[in-house]
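Engineer: following is a predicted model, sequence given first.
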Amino acid sequence: MGRIAGRFARVEPRLRAGRLVLGLLSDLPRKNCWTIAEWAGEASPHGMQHLLCRAVWDADAVRDDVREYVVEHLYDEAAVLVVDETGDVKKGSHTVGVQRQYTGTAGRIENSQVAVYLVYAGERGHAAVDRELYIPRSWTCDPDRCQAAGLGQDTVFATKPDLARTMIERFLDAGHHVGWVTGDEVYGGNPKLRTALEERGIGYVLAVACSAEVPTGAGRFRADDLARKVPKRAWQKLSAGPGAKGQRFYDWAVIDLAETAPGRHQLLIRRNHSTGELAYYRCHSTTPASLATLVKVAGSRWRVEETFQTEKGLAGLDEHQVRRYPSWARWVSLAMLAHAFLAVVRADEHAHRPTPDDLIPLTCNEICRLFIALIIRPARDAAHRLAWSDWRRRHQARSRTSHYRRQTASQT
């Protein structure tokens, strides 16, 4: 918390932000302003709500502090930047950025809010270092709606690859270096993003659809047509990295492409042993890269799924109950900080405390359990619990009265 102390204009919101971060790391079954305020010993949720809505502090500066903290402690010369989006299912139409859209969280089209994240992934660990909320056209075409949600009337539409490019450029402009970027088909199928990375001298392994056309010496071909022409001897069995059940072995092949742009351009093809299912990646490198290197970068993309799982499961990333953009940015930035803390402690424990053969290395989940049990578990007396029970019931009574009044007014 000392890293972000200077981002607060007053001591009160700084201290409350510390309590909020501890609440995000707690074992509460549901994490929001109400539950965290009660857990932290406050008399009502108003202080936590004020912290997210009206207190004076810079959420973007905190986001930058998280980036510096992660890179400092998880630094790896071979680190990869992973871009991906995740969605939160929402009700209603007033939450900033919400509309009916596809979200991988639900696996279907739902009323949801989607954000794009940038994850720093190295040998020591992985954590999110940036975030951008996806604002659909249905919002940017309505300046009044944007202003009501704290976005500003001049908000313009940006695609998910545009948001990814913004975050990658922000990372590089901050003075950090990375050799590779990876992402799924949403990003691999965008020529502007690929060109921007090439211009910055950054290599990439970006997934593309089977229907993507790529240039070869014999003309342009679909990726799946080229895969059928690959001879058996060209396939190599390599691991994309360790998974929950061991090494993730696939068959891999690579084809050189005839791009006019500088650098080496290739099509990487992955084949599943059991099902024969194929996946395709557009690759670029400023210097020749081995097949093993391309496979390692492609395998880094799974790290973003682990990051999302941990941030949501342990740090409450998706449990915010806020409607306006400034509140969303503040909650998400603090959740990223909470998860980064776990990732850094895990990396330091692995580096300085050798794990016995009869134990698995400490995980973020286990570190969080120990931290809760040994460091931050608060002891609250019965009077505090009963006072919160009274507060909740009083608030619910006011809400019920207000609801009945509106219902009566609409019927007269």
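Structural biologist: Yep, it's here.
Engineer: any low-confidence regions in the chain?
Structural biologist: Residue ranges of the chain with pLDDT under 70: 377-380, 385, 411-412.
Engineer: and the residue nearest the centre of it?
Structural biologist: Centroid check for the chain by CA atoms, centre = their mean gives residue 117 as the closest residue, at 3.8 Å.
Engineer: quick one: the strands in the protein, in order.
Structural biologist: With strands called from DSSP state E, the chain shows them at 80-89, 99-103, 108-122, 125-133, 180-183, 203-208, 213-216, 219-222, 236-243, 246-256, 264-271, 278-285.
Engineer: for residue 219, give the beta-bridge partners.
Structural biologist: residue 216 (DSSP bridges).
Engineer: what's the burial count for it?
Structural biologist: Counted with other CB atoms under 10 Å, the neighbours of residue 219 add up to 8. Heads up, the C-betas are built off the backbone N, CA and C, glycines and all.
Engineer: now do it against residue 262, distance only.
Structural biologist: 22 Å (CB to CB, to the nearest Å).
Engineer: one more: residue 185?
Structural biologist: 25 Å.
Engineer: cool, and residue 315?
Structural biologist: From residue 315 across to residue 262, the span is 41 Å (CB to CB).
Engineer: which of the two has more neighbours?
Structural biologist: residue 315 (26 against 11).
Engineer: hmm, the more buried one is touching residue 24, no?
Structural biologist: Yes - counting by CB atoms under 8 Å, residue 24 is a contact partner of residue 315 at 5.0 Å.
Engineer: what is in contact with those two at once?
Structural biologist: Taking CB atoms under 8 Å, 6 or more residues apart in numbering as the contact rule, residue 315 and residue 24 both touch 335, 338.
Engineer: and the helices in the stretch 1-150 of the chain?
Structural biologist: Per DSSP state H, counting those that start in this stretch, the stretch 1-150 of the chain carries helices over the ranges 11-24, 33-40, 46-53, 59-74, 137-140, 143-148.
Engineer: between these, which one is nearest to residue 161?
Structural biologist: Comparison of the helices of the stretch 1-150 of the chain against residue 161 by CB to CB identifies helix 137-140 as nearest, at 15.2 Å.
Engineer: buried sites along the closest one?
Structural biologist: Applying a neighbour-count criterion of 16 or more other CB atoms under 10 Å, the buried positions in helix 137-140 are 139, 140.
Engineer: what packs against that helix?
Structural biologist: Using 3 or more CB pairs under 8 Å, 6 or more residues apart in numbering; DSSP states H and E, the elements in contact with helix 137-140 are helix 143-148.
Engineer: ok, residues contacting the helix it packs on?
Structural biologist: Here helix 143-148 makes contact (CB under 8 Å, 6+ apart) with 94, 135, 139, 140, 152, 153, 154, 155.
Engineer: now the two most distant members of the residues you listed.
Structural biologist: Longest distance between any two of those is 20.5 Å, between 94 and 154; criterion CB to CB.
Engineer: mind checking which of these two has more residues around it?
Structural biologist: Using other CB under 10 Å, the more surrounded residue of residue 94 and residue 154 is residue 94, with 12 against 9.
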